[in-house]
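Participant: Return atomic coordinates for the entry below.
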Amino acid sequence: MFGTDERARTLRSFVLALVGTPWLLLIEPARRVVSLEATLAAIGLGAVLGVVAAIGLADVDYRDVNDVTASVVTLGCIGVATVVVWLLVPHQYLGTVLQFALAFAWAMPVTQLLYNRYRAPESG
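Facilitator: Modelled structure (predicted):
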């Protein structure tokens, strides 16, 4: 089975998705479908990147990471991503960014659960 670190990480991801979903759905553009193609692309890309992020970060050990450094790096990445999204995504498609975030937020914990549950047991 999977250890307590993986279980805690997966549980935190599920709680974040559960808490974040209503908040994101309260924002009016997230409930508006601008175009079917843009919405499907945003949801598909969010799901794919959620799966990639979950598998890519599955075996990362966070015990040696300084909390302050991790917080600063996270806030910096959020700031850069916000500016990039603001510059690249046209204003009328801003709702698709929220739909992307919802797909990403749910794909990551589901993938973590499946990956940790069904991966081959490690030898040793």
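Participant: OK, contacts around Leu75?
Facilitator: Leu75 makes contact with no residue under the criterion Cβ atoms under 8 Å, 6 or more residues apart in numbering. C-beta: built from backbone N, CA, C; applies to glycine.
Participant: I'd like the distance between Tyr118 and Ala58.
Facilitator: Using Cβ to Cβ, to the nearest Å, one gets 12 Å for the distance from Tyr118 to Ala58.
Participant: Please identify which of those two sits among more neighbours.
Facilitator: Under the criterion of other Cβ atoms under 10 Å, the comparison of Tyr118 against Ala58 puts Ala58 first, with 16 against 8.
Participant: burial of the closest residue to that one other than its chain neighbours, as a residue count?
Facilitator: The shortest distance from Ala58 to any residue that is not its chain neighbour, by Cβ to Cβ, 6 or more residues apart in numbering, is 5.5 Å, and that residue is Tyr115. The number of residues packed near Tyr115 is 17, by other Cβ under 10 Å.
Participant: Does the top helix by length along the chain pack against any helices or strands, and if so which?
Facilitator: Counting residues, the longest helix found in the chain (DSSP state H) is helix 94-118. Using 3 or more Cβ pairs under 8 Å, 6 or more residues apart in numbering; DSSP states H and E as the contact definition, the elements that helix 94-118 packs against are helix 4-26, helix 28-31, helix 36-56.
Participant: Which residues are in contact with Ala81?
Facilitator: Neighbours of Ala81 in contact, by Cβ under 8 Å, 6+ apart: none.
Participant: give me phi/psi at Ser35?
Facilitator: Phi and psi for Ser35, reported as degrees, to the nearest 10, are phi -150, psi 150.
Participant: So for the closest residue to it other than its chain neighbours, what's the pLDDT?
Facilitator: Closest residue in space to Ser35, ignoring its immediate chain neighbours: Tyr93 at 8.0 Å, by Cβ to Cβ, 6+ apart. Taken from the predicted model, the pLDDT recorded for Tyr93 is 86.
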